[in-house]
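Visitor: model this:
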Amino acid sequence: MMPVTAVHRQHLEDLPVSDRPTLTYDQLADRIEQELGVRPATSSLRAVAHSRRRRRTAVTAGMPPPEPTRDTRRRTVFDADAIDTWLAQHPHVQIRRLQQRITATPLARRTAVVAAAREAGLSWQHIADACAAADGRSYTKQWAQQRFSKS
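Guide: Sure thing, here's the model as predicted:
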């Protein structure tokens, strides 16, 4: 799906909800799989869409709610632009970016990058995985914590 420019966004906001680009549950699952590499079950998407409880690291973390409808026969749909914005800022995407920074940094300069990643909320396990990918070795989260934590 192509990103929408500000000019197009204003036009879309003026359209009735039925004329805006939308996604069904199956299309939403396809987009999540395309962006995050994980395909959630349709039942999970339905449950999250109608729940107020959100888990921070779940694939559905922060997912926008479906478009409101009064017609019970109408399919549940999601605003495609809201979904694209959500996926661009998804915690899994942020984790992947932080891990890529760690992987791209030479070992001698990795401490500062790891400190920034920890500040952003990256777990020791994710740091260990990134270091292992960069060095071609196996590391544990305990190793990462001992190697990079401030004493």
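
Visitor: So for the residue nearest the centre of the chain, what's the pLDDT?
Guide: Nearest to the mean C-alpha position of the chain, by Cα atoms, centre = their mean, lies residue 90 at 2.3 Å. Per-residue pLDDT puts residue 90 at 89.

Visitor: packing partners for the helix or strand containing residue 130?
Guide: Element membership of residue 130 [criterion: DSSP states H and E] is helix 124-135. The contact analysis (3 or more Cβ pairs under 8 Å, 6 or more residues apart in numbering; DSSP states H and E) places helix 124-135 against helix 91-104, helix 110-119, helix 141-148. Backbone N, C-alpha and C define where each C-beta goes, glycine included.

Visitor: Can you give me the pLDDT of the closest residue in space to the residue nearest to the centre of the chain that isn't next to it in sequence?
Guide: Spatial nearest neighbour of residue 90, excluding adjacent residues (Cβ to Cβ, 6 or more residues apart in numbering): residue 36 at 6.5 Å. pLDDT recorded at residue 36 is 87.

Visitor: again, but for residue 21
Guide: According to the prediction, residue 21 has pLDDT 87.

Visitor: That one contacts residue 84, doesn't it?
Guide: No - with contact defined as Cβ atoms under 8 Å, residue 21 does not count as touching residue 84 (9.4 Å).
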